[in-house]
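>>> Task: produce atomic coordinates for the following.
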Amino acid sequence: MPNRKTISTNRRRFIKSMALGAGALASTTGFRVMGSGLAPYSGKLLVTLQLSGGADVTQLCDPKVNTPGELKINHWADVAEPGEAGNIRFAPVGDNFNFFNRFGADMVVVNGVDAQTNSHETGRLFNWTGSNAEGRPSLTALHAAANAPEQPLAYSVFGGGTSRTSGIISYNRFRDVSRLRELAKPTEMPWDTSNQLRPDLEISEARRLTRESVTELFTSTNLTPRQRRSVTRYKQALDGKEGLLRLAEGLPSPDDYEGDETFQVGDNNFWSNLKQQMQGALLVFQSGLGSSADIALDGFDSHENHDDIHDALYTHLADAIYYFWDYAEQLGLADRILLVVGSDFGRTNMYNDGNGKDHWNIGSYMLMEQGARWGNRVVGASDELHFARKINPSSLETSESGIVLTPAHVHRAVQKYLGIDDFAATNGIALPDVEDIALFSTSKQTRV
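This is a model prediction of the structure:
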């Protein structure tokens, strides 16, 4: 039987290896627990909501009626006309009437945006990085790196999301809110918060031994520079607990987590945890540990049974966005958030043989902010068959000598609005040769 000294030596060796391993992990993933001297992030917050699969914006914010002599673009147009909420026209689908009447004054709709592709991967890349080539970070990654690079959850990804960083920051991916609780309260049983996975005495002893081992490592002359950097990061993680304590204090009980939602469309069952993603993102923001988040709603790739699928998804989307802004208001965050809603691309201006719609390169964005001075506006346009129309980048009026909007124009405008364009330029990741558009103008009330 090994003696007490042998056990103690082996334990110390194990903890030493764990410290080095954790430090190495920190150096590669960038994950850090906030140090004691770092204040909570209190600046602008950015959320991107990806409608994954290619959303049909002619049934949302760029409504199209049927043109005589052409193939049918929308079945709803046989029985109804587009609705209007201020300067914004919308399709009479799902809960669009209530959605746009509630939020129209707080949004700008960008129509006629050419993703220049029918590929899901390239479309997502272009729509969320502003470039259809590799090498640039997502808008959320850029915002986090420019504003909160030292925060441990600066950039969080819930559900899907492009998650491109170009090495300027790391991201933390969460499946659901329970992952946040496990992170903030690692000794608590997720299914029974009244019980601890380990007694307090054991936890205290493990922490004491770990700190002693890290101290020993610092005095070692055998560490390489990389190992010493790793140990330094690991020690910073041990020293800083305030951030995770704030996150822990702000988490609801498991009974108050937003649950998954299921709904049936014909023979297909749809599942969504969009509200839970929203809850997780907002709780991270409330803790001051992060500044950006990606969330996503799947299911829009409707090559069959298109109308029923989009009707159900848009109804669910409206309900989720109501929840998002109501919960943000409850947490005292609503006046700091910019929400950007987009997709891979659009869907065709006709139905296929399966009563579905296929991939189409023209889509839209919706940008939302509480009390937006630039709200109640539409920028960009598409024609009656949903081909992009050129616009004058200065006046925003349609013009045959103008430009076709792409995601790059939207990204450049958002970067300037958030004040992160100089950071992008300094780091060599600015968008080249992209015209400025007055996307956030407070003087032009445009509907084209």
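
>>> Could you give the average pLDDT over stretch 145-156?
Average pLDDT, stretch 145-156: 93.

>>> End to end on that stretch, go ahead and measure it.
12 Å (CA to CA, to the nearest Å).

>>> can you pull out the helices in the stretch 151-300 of the chain?
Counting by DSSP state H, counting those that start in this stretch, the stretch 151-300 of the chain has helices at residues 177-184, 200-219, 225-239, 242-250, 274-287.

>>> Phe126: which of those helices is closest?
For Phe126, the closest of the helices of the stretch 151-300 of the chain is helix 274-287, at 22.6 Å, according to CB to CB. C-beta coordinates here come from the backbone N, C-alpha and C atoms, glycine included.

>>> thought Asn111 was touching Thr58?
No. Under the criterion of CB atoms under 8 Å, Asn111 is not in contact with Thr58, lying 9.9 Å apart.

>>> The two: which is more packed in?
Thr58 (30 against 27; other CB atoms under 10 Å).

>>> hang on, Glu258 packs against Gln276?
Yes. Here Glu258 reaches Gln276: they are 4.2 Å apart, a contact under CB under 8 Å.

>>> Need the residues touching each of the two.
Val177 (CB atoms under 8 Å, 6 or more residues apart in numbering).

>>> The two: who's more crowded?
Gln276 (23 against 19).

>>> List the contacts of that one.
So Gln276 contacts 158, 176-177, 257-260 (CB under 8 Å, 6+ apart).

>>> ok, now with 10 Å
Going by CB atoms under 10 Å, 6 or more residues apart in numbering, Gln276 touches 158-159, 174-178, 257-261, 295, 320.

>>> now do Leu71
Here Leu71 is in contact with 348-351, 385 (CB under 10 Å, 6+ apart).

>>> Any of those residues buried? List them.
348-349, 351 (16 or more other CB atoms under 10 Å).

>>> Looking at these, spot the one nearest Glu70.
Asn349 (8.2 Å).

>>> if I look at Asn111 and Thr58, which residues touch both of them?
346, 362, 364, 382, 386.

>>> Most neighbours of all those residues, which one?
Highest count within these by other CB under 10 Å belongs to Gly346, 30 neighbours.

>>> Could you pick out the buried ones from the contacts of Gln276?
Buried, going by 16+ other CB under 10 Å: 158-159, 174, 176-178, 257-258, 295, 320, out of the contacts of Gln276.

>>> Taking those, tell me the two that lie furthest apart.
So, these by CB to CB: farthest apart are Ser178 and Ala320, at 19.0 Å.

>>> Now do Leu331: how many residues are near it, please.
Around Leu331 there are 14 residues (other CB under 10 Å).

>>> Could you dump the contacts of Gln276 into a markdown table with distance to Leu49 added?
Output for those, formatted as a markdown table (distance: CB to CB, whole Å):
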| residue | distance to Leu49 |
| --- | --- |
| Phe158 | 10 |
| Gly159 | 10 |
| Phe174 | 16 |
| Arg175 | 17 |
| Asp176 | 17 |
| Val177 | 17 |
| Ser178 | 21 |
| Tyr257 | 20 |
| Glu258 | 15 |
| Gly259 | 19 |
| Asp260 | 17 |
| Glu261 | 16 |
| Ile295 | 5 |
| Ala320 | 9 |
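
>>> Go through those and name the one nearest His120.
Among the contacts of Gln276, and counting by CB to CB, the member closest to His120 is Gly159, at 15.6 Å.

>>> can you pull the contacts of the closest residue to Tyr257 other than its chain neighbours?
Leaving aside its chain neighbours, Tyr257 sits nearest to Val177 (4.8 Å; criterion: CB to CB, 6 or more residues apart in numbering). Residues in contact with Val177 (CB under 10 Å, 6+ apart) are 158, 251-252, 254, 256-259, 273, 275-281, 283-284.

>>> and if you look at Thr406?
112-116, 126-127, 130-132, 361, 388, 412, 431, 434-435.

>>> do Leu46 as well
Here Leu46 is in contact with 139-140, 142-144, 147, 155, 285, 291-294, 336-340, 414, 418, 420 (criterion: CB under 10 Å, 6+ apart).

>>> go on, Asp344?
Contacts of Asp344 by CB under 10 Å, 6+ apart are 50-55, 115, 117-128, 300-301, 359, 361, 363.

>>> before we move on, what about Ser52?
Ser52 neighbours (CB under 10 Å, 6+ apart): 120, 124, 159-161, 296-301, 343-344.

>>> Farthest-apart pair in these, please.
Gly161 and Asp301 (16.7 Å).

>>> Looking at those two, which one has more neighbours?
Between Gly161 and Asp301, counting by other CB under 10 Å, Gly161 is the more crowded of the two (25 against 18).

>>> Per the annotation, how does the chain divide into domains?
4-30+190-248, 45-181+256-426 (automatic domain parsing).

>>> Number of residues surrounding the closest residue in space to Glu435 that isn't next to it in sequence?
Excluding its sequence neighbours, the residue lying closest to Glu435 (CB to CB, 6+ apart) is Pro393, at 4.4 Å. By other CB under 10 Å, the residues close to Pro393 number 16.

>>> try Asp256
Residues lying near Asp256 (other CB under 10 Å) number 9.

>>> Do I have it right that it meets Gln330?
No. With contacts counted by CB atoms under 10 Å, Asp256 stays clear of Gln330, the gap being 12.0 Å.

>>> which SS class is the nearest residue to Ile88 once chain neighbours are set aside?
Nearest non-adjacent residue to Ile88, counting by CB to CB, 6+ apart: Gly104, 4.6 Å away. Under the three-state scheme (DSSP: H, G, I helix; E, B strand; the rest coil), Gly104 adopts helix.

>>> Much appreciated, bye for now.
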